[in-house]
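Asker: Predicted model, plus sequence, below.
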Amino acid sequence: MGYKVGIIGGDGIGPDVIREGLKVIAATGVQLDTVDYDLGGVRFLRDGTILPDSVVDEWRGLDALFLGAVGTPDVPPGVIERGLLLKMRFDLDLYVNRRPFNFPANNVDFEVIRENTEGTYAGEGGFLRKGTPHEIATQGSVNTRRGVERCVRYAFDLARERRKHCTLVHKTNVLTFAGDLWERTFNEVALEYPDVATAYNHVDAACIYFVDSPQRYDVIVTDNLFGDILTDLGGAISGGIGQASSGNLNPSRTGPSMFEPVHGSAPDITGQNKANPIAAILSGAMMLEFLGEADAAARIRAACSQPVSGSTTEVGDILAARV
Ligand code: IPM
Ligand code: MN
């Protein structure tokens, strides 16, 4: 019997890149028992379903979830993002969003550990006097000591397996409440890791360093929204967003973790067999590694580290042959 994996191909190019991801995983010999879930913008437009609680409960018994991309232009912003993707992250307590970047040509070899259940994503806030000239909208940032600390610990543990360097990225000079909690937590946890060197960068400066001197980074830990933005930039400096993989992890393993490419559903190129499946394939490698299949994961990564070009299906075929 293989690992039980829920598949959410989703919208646009999502199902196509996931198909190639599964093709390459199959080529490693690792067996998956997959269950397909028809969810995303298209499903929502068809019958109003986003993500029922009963489906989340079903997922709790799985080993992992593998997701392509969700979202369609005809659905208003926020509906699928909050109702599906963020609901998954919150309900399954996927508190670490791990996003590795590796592009030797640009001296890029680092990982971003993005806090994945709090910050401005938590949904705190609301409207007052909506639609009037005196309208007020607030959107708070939620930062709990526990939530921050568990991400910071994950980052230090990861740094220990890598080059033993961990950078906190925040905006402590302006966000004096949240930034203070993050900085104190980071500094206290650092005391337990005397073998890991530390650094701190403001997020705006980090944007410059990503472009000018990315070799300074090994592991970065940061808040949810900063991590969202920085990881798109990370994709841009490391061969494009078509290569950027991610794991939404529950390191406590109280349920399945979810693996997805960083990119979206790309409606502009849907159905043309030209989406780059490498981000999904590398996300599949991260899934295998998390499941304990380190050897198969390493083979997929090695296959992806050599140049490859062609259509979506051709790239999948070539990489499957290489592993
Ligand atoms: C990401 C995406 C999501 C996010 C959106 C689609 C909700 O941009 O995974 O980076 O903001 O986290
Ligand atoms: Mn993003």
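Answerer: Ah, there it is. Ligands and ions are numbered 1, 2, ... in the order given.
Asker: Can you give me every residue that contacts V75?
Answerer: V75 sits next to G41, F44, L45 when contact means CB atoms under 8 Å, 6 or more residues apart in numbering. To be clear about C-beta, it is placed using only N, CA and C from the backbone, and glycine gets the same treatment.
Asker: got the phi/psi numbers for P52?
Answerer: In terms of degrees, to the nearest 10, the main-chain angles of P52 are phi -70, psi 150.
Asker: Quick one: list the elements packing against the helix or strand containing C151.
Answerer: Assessed by DSSP states H and E, C151 sits inside helix 145-161. On a contact count with 3 or more CB pairs under 8 Å, 6 or more residues apart in numbering; DSSP states H and E, helix 145-161 meets strand 96-103, strand 108-115, strand 165-170, helix 178-191, strand 219-222.
Asker: The second one pairs with which strands?
Answerer: Read it as strand 108-115. Strand 108-115 pairs in its sheet with strand 96-103 (antiparallel), strand 219-222 (parallel), by DSSP bridges.
Asker: N248: which of the ones you listed is closest?
Answerer: With CB to CB as the measure, strand 96-103 is the member of the strands paired with strand 108-115 nearest N248 (5.5 Å).
Asker: now the closest one: how far from the chain's centre is it?
Answerer: In terms of CA atoms, centre = their mean, to the nearest Å, the centre of strand 96-103 is set 8 Å apart from its chain centre.
Asker: Just confirm yes or no for it near ligand 1.
Answerer: No - applying CB under 6 Å from any ligand atom, one finds strand 96-103 separated from ligand 1 by no less than 7.3 Å.
Asker: The closest residue to ligand 1 within the stretch 201-323 of the chain: what secondary structure?
Answerer: Per CB to the nearest ligand atom, D228 is where the stretch 201-323 of the chain lies closest to ligand 1, at 4.4 Å. Secondary structure state of D228, per DSSP: H, G, I helix; E, B strand; the rest coil, is helix.
Asker: contacting residues for the residue nearest to the spatial centre of the chain?
Answerer: Nearest to the geometric centre of the chain sits S246, at 3.6 Å (CA atoms, centre = their mean). S246 makes contact with N97, R98, R99, T231, F259, E260, P261, V262, S283, M286 under the criterion CB under 8 Å, 6+ apart.
Asker: Same check on S305?
Answerer: Neighbours of S305 in contact, by CB under 8 Å, 6+ apart: N102.
Asker: Quick check on it: phi, psi?
Answerer: Per degrees, to the nearest 10, the backbone of S305 is at phi -80, psi -10.
Asker: returning to that earlier point: buried set for the helix holding C151?
Answerer: Within helix 145-161, the residues scored as buried using 16 or more other CB atoms under 10 Å are G147, V148, E149, R150, C151, V152, R153, Y154, A155, F156, L158, A159.
Asker: how much space between the closest residue to ligand 1 within the stretch 1-150 of the chain and G41?
Answerer: Nearest to ligand 1, among the residues of the stretch 1-150 of the chain, is E81, at 3.7 Å (CB to the nearest ligand atom). Distance, E81 to G41, by CB to CB, to the nearest Å: 10 Å.
Asker: What count of nearby residues applies to I237?
Answerer: Per other CB atoms under 10 Å, the neighbour tally for I237 reads 16.
Asker: which residues sit in contact with it?
Answerer: F101, F103, N106, V108, F210, V211, P214.
Asker: where's the residue of the chain most remote from its centre, which helix or strand?
Answerer: Distance from the centre of the chain peaks at P133, with 38.5 Å (CA atoms, centre = their mean). For P133, there is no host helix or strand (DSSP H and E).
Asker: what number of residues lie near S238?
Answerer: S238: 23 neighbours (other CB under 10 Å).
Asker: hang on, the earlier thing: mind listing which of the contacts of S246 are in helices?
Answerer: T231, S283, M286 (DSSP state H).
Asker: Tell me the pLDDT of the closest residue to the first one other than its chain neighbours.
Answerer: Meaning T231. Using CB to CB, 6 or more residues apart in numbering and skipping residues adjacent in sequence, the residue nearest T231 is R99, 4.6 Å away. pLDDT, R99: 98.
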